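*Asks:* got a sequence here, can you build the structure:
(one chain, ligands or ions: 3)
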Amino acid sequence: MTQVDVLLGLQWGDEGKGKIVDVLSPQYDLIARFQGGPNAGHTLEFDGKKFVLNTIPSGIFNEKTMNLIGNGVVIDPIILKRELDNLKAAGHDPVAKGKLVIARKAHLILPTHQLLDAANEQKMGKDKIGSTLKGIGPTYMDKTGRNGLRVGDTTLPDFKERYNKLVEKHKEILSHYEFEYDLTEKEAAFFEAIEFIKTIPHVDSEHYVNGFLKEGKKVLAEGAQGTLLDIDFGSYPFVTSSNTTTAGACTGLGIAPNRIGNVYGIFKAYCTRVGGGPFPTELDDEVGENLRQVGHEFGATTGRARRCGWIDIPALKYAIMLNGVTELIMMKADVLDGFDTIYACTHYEHNGETIDYMPYDIISVKPTPVLKAIEGWKTDVTKVNQVADIPAKLSAYIAFLEKELEVPVKYLSVGPDRVQTLELI
Ligand code: GDP
Ligand code: IMO
Ligand code: MG
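*Replies:* Ligands and ions are numbered 1, 2, ... in the order given. The predicted model follows:
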C-alpha cells in the first residue's frame, strides 16, 4: 500500500498552495481537497494564463491526475458550478473528461448559511472575524450540530423538504438579527447548481482514497487556509471552522493516521494574514506596504488587502510540530529581492519573558517580536532556473531557516508561474 502525502500551509493561508500542488501533480494519481470550502482561493499560473480555484483541487490541469473534493470540504454548489463553467469556457472541462469526483458526505453550503455568516459578522462590528462571508462557519456549525445537508442527500426524494426544514431554522435565527435579505435569486441559482452537481460522480471518499492506496497509486491531500487558522490550534476565535492541519486530512478524506506519508509544509519568505486576529510580526508601515505591493498581497477570493509582516519562526515551529512536516517549501522569495535587510522573528518578548512559542493569551496581549537582521540578496531571482544560480545570501537565508526549523527546504518558488520553481534537494 502507498501512503497519502499532504501539502498544507504553515502560516495564515495564501502561502501558494495552489501553485505547488499544480507543480507536484504530475507525480500523483489523485489530488484530494480535505477541508475548508470556497473561502479558499488557490492561484495557478502557466503558459501566460492565470486561474483561481475555490473548491476544485489544484491537480485539475494535469491530464493524468484525478481530483477529489473530500468529505471534509463544505461545498457551495453555486460557486462550484461557476468554477466549472469558467474552466469549461477556458477550454478545460474536468467533468466531461471524468477527472473530478465529489464525496457524498461533503456538506452543502446553503444560501442561508451565507446570510447567517454575514448577519453575524455585521453584528460583531469591530470585533468581527473578517470571514470571507462564504458561509463556512454556519455550515460547519450545522455539520457538528447534526443538522446539515450533504451532497448525497441531493439525490434523495425528500431533498427539497430537508432543505426547507433547515432554511426555516435559519430564518428563525436570522429574525433575531437586524438584517435585511432576499433569498429568491440565490435560491433559484442554488437549485440549478444542485442539478448540475448531480452530474458529477459522487463517491465515498474513504473507499475511494483507500482504493487508490491499495492499488499502489500516489495520492496528495491539498490543504486549504493555513495552520494558524486551524479551529483547534489557530488564534481562536480568529480562525476558520475546520482542522487545517494534517489530522484534518485523516477525517476529511477517511484515511487512517498511519497512512500519512510525506508532509509538505509551505510558507512564504515573509508572512501575511487576511482578516482579523493577532499577527505578532505585522508591519503597519511603509515596509509592510512595500511587501503588499511587490507581493501583490490582495486576496484571491475577496480582493481584500492582506496584512504583511516578517517571517515568524516561533509560529512556523509550532506549525511544523502540529503537522509532522517532513519537507518545507519556501514561496515568494522574489518579493524580498529589493530589500537591503530583511528580518526574521526568532522569539517573542511576552509578559516580561522571552519565549519561542505562541502564547495562549496572544489574543489579548500582543507579543513583541525579537527580530534578527539578515542581509538581503539584492538580485532579481525571478529568472533563476538552476540551483547553482541562487544568490549566496538567499541560500544563507534558507540555511538559517533550515537550522532553526530543523526541516529541509525541498522547493523554492521565485515567481507565480509553474516554471518559477526550483527543487533544492
Ligand atoms: P494559496 O491560497 O495558498 O493557493 O495562495 P494564493 O493563490 O491565495 O496566494 C498566493 C499568491 O502568490 C498568488 O497570487 C500566486 O500567483 C502568487 N505566487 C505564488 N508563488 C509565488 C512566488 O514564488 N512569487 C511571487 N511573486 N508570487 C507567487
Ligand atoms: P486559502 O486556502 C487566507 C480567513 C478569513 C478570516 C478567517 C475566517 O486561499 O489559503 P472564514 O471565511 O473561513 O470563516 O474566515 O479565515 N481565511 C483565509 N485567509 N487564505 C484562505 O484560504 C482563507 N480562508 C479563510 O480571512 O480571517
Ligand atoms: Mg489563497
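*Asks:* what's the separation between whichever residue of the chain sits closest to ligand 2 and residue 87?
*Replies:* Using C-beta to the nearest ligand atom, the single residue of the chain nearest to ligand 2 is residue 275, 2.0 Å away. Bear in mind the C-beta positions are built from the backbone N, C-alpha and C, glycine included. Here the criterion is C-beta to C-beta, to the nearest Å. By it, residue 275 lies 27 Å from residue 87.
*Asks:* higher neighbour count, the two?
*Replies:* residue 275 (22 against 19; other C-beta atoms under 10 Å).
*Asks:* would you confirm that that one contacts residue 240?
*Replies:* No: counting by C-beta atoms under 8 Å, residue 275 sits too far from residue 240 to count as a contact (9.2 Å).
*Asks:* got the residues of the protein near ligand 2?
*Replies:* For the chain, the contact set with ligand 2 under C-beta under 6 Å from any ligand atom comprises 9, 12-14, 39-42, 129-132, 134, 136-137, 224-226, 229, 240-241, 274-275, 300.
*Asks:* swap in 5 Å and give it another go.
*Replies:* For the chain, the residues in contact with ligand 2 (C-beta under 5 Å from any ligand atom) are 13-14, 39-41, 130-132, 136-137, 224-225, 229, 240, 274-275.
*Asks:* strands of the stretch 1-150 of the chain, start to end?
*Replies:* Ranges of strands in the stretch 1-150 of the chain, per DSSP state E, counting those that start in this stretch, are 4-9, 30-33, 42-46, 49-53, 66-69, 74-75, 100-103, 107-108.
*Asks:* want to throw those strands into a markdown table with mean pLDDT?
*Replies:* As requested, these are exported to a markdown table (pLDDT from 0 to 100):
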| stretch | mean pLDDT |
| --- | --- |
| strand 4-9 | 98 |
| strand 30-33 | 98 |
| strand 42-46 | 97 |
| strand 49-53 | 97 |
| strand 66-69 | 98 |
| strand 74-75 | 98 |
| strand 100-103 | 98 |
| strand 107-108 | 98 |
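*Asks:* any idea which of the ones you listed gets closest to residue 335?
*Replies:* strand 42-46 (14.4 Å; C-beta to C-beta).
*Asks:* just want the angle from the closest one to strand 49-53.
*Replies:* Relative orientation of strand 42-46 versus strand 49-53 (axes from the mean of the first three to the mean of the last three C-alpha atoms, to 10 degrees): 160 degrees.
*Asks:* buried sites along strand 42-46?
*Replies:* Buried positions in strand 42-46, judged by neighbour count with 16 or more other C-beta atoms under 10 Å: 42-45.
*Asks:* do stretch 261-281 as well
*Replies:* 263-281.
*Asks:* can you give me the first-to-last residue distance of that stretch?
*Replies:* 32 Å (C-alpha to C-alpha, to the nearest Å).
*Asks:* please work out how many residues are found near the residue in the stretch 151-300 of the chain that ligand 1 sits nearest to.
*Replies:* Closest contact between the stretch 151-300 of the chain and ligand 1, by C-beta to the nearest ligand atom, is at residue 300 (3.9 Å). If you count neighbours by other C-beta under 10 Å, residue 300 ends up with 19.
*Asks:* with the one 4 residues further on instead?
*Replies:* Using other C-beta under 10 Å, the number of residues around residue 304 comes to 13.
*Asks:* going forward, count from 44.
*Replies:* Happy to do that; since the first residue is 44 now, the last one works out to residue 347.
*Asks:* so it makes contact with residue 341?
*Replies:* Yes: with contact defined as C-beta under 8 Å, residue 347 and residue 341 form a contacting pair (6.8 Å).
*Asks:* about what we covered before: out of the strands of the stretch 44-193 of the chain, the one nearest ligand 3 is which?
*Replies:* Closest to ligand 3 of the strands of the stretch 44-193 of the chain, according to C-beta to the ion: strand 85-89, at 5.7 Å.
*Asks:* quick one: the closest one near ligand 3?
*Replies:* No: Strand 85-89 does not reach ligand 3 (C-beta under 5 Å from the ion); its nearest approach is 5.7 Å.
*Asks:* same question for stretch 267-281.
*Replies:* No: if you take C-beta under 5 Å from the ion as the test, stretch 267-281 misses ligand 3, and the best it gets is 8.0 Å.
*Asks:* can you tell if that stretch touches ligand 1?
*Replies:* No: taking C-beta under 5 Å from any ligand atom as the criterion, stretch 267-281 and ligand 1 are apart, separated by no less than 7.2 Å.
*Asks:* helices of this structure, start to end?
*Replies:* For the chain, the helices defined by DSSP state H cover 60-67, 120-132, 154-167, 179-187, 202-217, 227-240, 248-257, 289-296, 329-337, 356-366, 435-448.
*Asks:* now render those as JSON lines, adding mean pLDDT and distance to ligand 1.
*Replies:* Listed next are those as JSON lines, based on pLDDT from 0 to 100; distance: least, C-beta to the nearest ligand atom, whole Å:
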{"stretch": "helix 60-67", "mean pLDDT": "98", "distance to ligand 1": "3"}
{"stretch": "helix 120-132", "mean pLDDT": "97", "distance to ligand 1": "14"}
{"stretch": "helix 154-167", "mean pLDDT": "97", "distance to ligand 1": "19"}
{"stretch": "helix 179-187", "mean pLDDT": "98", "distance to ligand 1": "14"}
{"stretch": "helix 202-217", "mean pLDDT": "98", "distance to ligand 1": "29"}
{"stretch": "helix 227-240", "mean pLDDT": "97", "distance to ligand 1": "23"}
{"stretch": "helix 248-257", "mean pLDDT": "98", "distance to ligand 1": "21"}
{"stretch": "helix 289-296", "mean pLDDT": "98", "distance to ligand 1": "15"}
{"stretch": "helix 329-337", "mean pLDDT": "97", "distance to ligand 1": "8"}
{"stretch": "helix 356-366", "mean pLDDT": "98", "distance to ligand 1": "14"}
{"stretch": "helix 435-448", "mean pLDDT": "98", "distance to ligand 1": "12"}
